[in-house]
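In: coords below, sequence missing:
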């Protein structure tokens, strides 16, 4: 159950913390598997919070991310793609007046920054959602390098040294896990990252790895406590052993870039 406001059965918590529930701008969102949603929506049309009945919405926008009941992020990908395409077309109109370096700077600041915003939540998202965002990046690469609209995009993305969308998601998760591994912050995420205990001394004994929970559904695999360990454990020992965040980022991008274009 996801709410715009903290879940409490009464209004005492809000009064103690100097808060007031705005019923006109508050709504509830039920998140779960298909079977769970069928049971919940059949018997629940509103949620009582602080003595107020809140309507149950089909989707909700939180900090710029559109959440839906199945966490498919299809509507979020559509929203991001629409915003990015607007800026791509704006750059296209003035591209002949710009140098390649300036066009690249504009594409990174106006397009890639939007693709990277909160993209860690897209790990394990449907391929259609990822492909929708990848098409935006491909178009931006064609505009920056002034290539034909139907020219192959992969060589252009590779020439600009851009990580594809799927690898950008893994990059964000890996960097976040590295920070948690070395600083234990933020606390609400660090408790989901636990070092793996080794009972036998194998060749991987000295490699820093974290525990990954065993789940039964793809829906559960997309949780941070599963996605972050999965990405972290897939990295080479030389990368996770980096002495600083700067070195880690450099090695990580090289690793992901080679993996993305290894077949090209």
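Out: It's in. Remember, it's a predicted structure, so these values are computed and weren't measured experimentally. Residues are numbered from 1 along each chain as shown.
In: surely residue 136 meets residue 110?
Out: No: judged on C-beta atoms under 8 Å, residue 136 makes no contact with residue 110 at a distance of 11.3 Å. Using the backbone N, CA and C atoms, a C-beta is placed for each residue, glycine as well.
In: okay, and the common contacts of those two?
Out: residue 84 (C-beta atoms under 8 Å, 6 or more residues apart in numbering).
In: give me the more crowded residue out of these two.
Out: A count of neighbours by other C-beta atoms under 10 Å puts residue 136 above the other of residue 136 and residue 110, at 23 against 17.
In: quick one: that one from residue 162, how far?
Out: From residue 136 over to residue 162 the distance is 12 Å, taken as C-beta to C-beta, to the nearest Å.
In: kindly report the same for residue 172.
Out: Distance of residue 172 to residue 162, computed by C-beta to C-beta: 14 Å.
In: these two - which one has more neighbours?
Out: residue 162 (23 against 19).
In: got a pLDDT number for that one?
Out: Reading off the confidence values, residue 162 has pLDDT 95.
In: quick one: it and residue 233, what's the gap?
Out: Applying C-beta to C-beta, the value for residue 162 to residue 233 is 25 Å.
In: for the longest strand seen in the chain, give the mean pLDDT please.
Out: Longest strand in the chain, counting residues (DSSP state E): strand 52-57. Here strand 52-57 scores 77 as its mean pLDDT.
In: can you pull the buried residues of it?
Out: 54, 56, 57 (16 or more other C-beta atoms under 10 Å).
In: quickly find the element holding residue 156.
Out: For residue 156, the host element (DSSP states H and E) is helix 154-159.
In: one more: residue 230?
Out: Using DSSP H and E, residue 230 maps to helix 224-233.
In: give me the secondary structure label for the spatially closest residue to residue 231 that is not a sequence neighbour.
Out: If the residues on either side of it in the chain are set aside, residue 231 comes closest to residue 173, at 4.6 Å by C-beta to C-beta, 6 or more residues apart in numbering. The assignment at residue 173 comes out as helix when based on DSSP: H, G, I helix; E, B strand; the rest coil.
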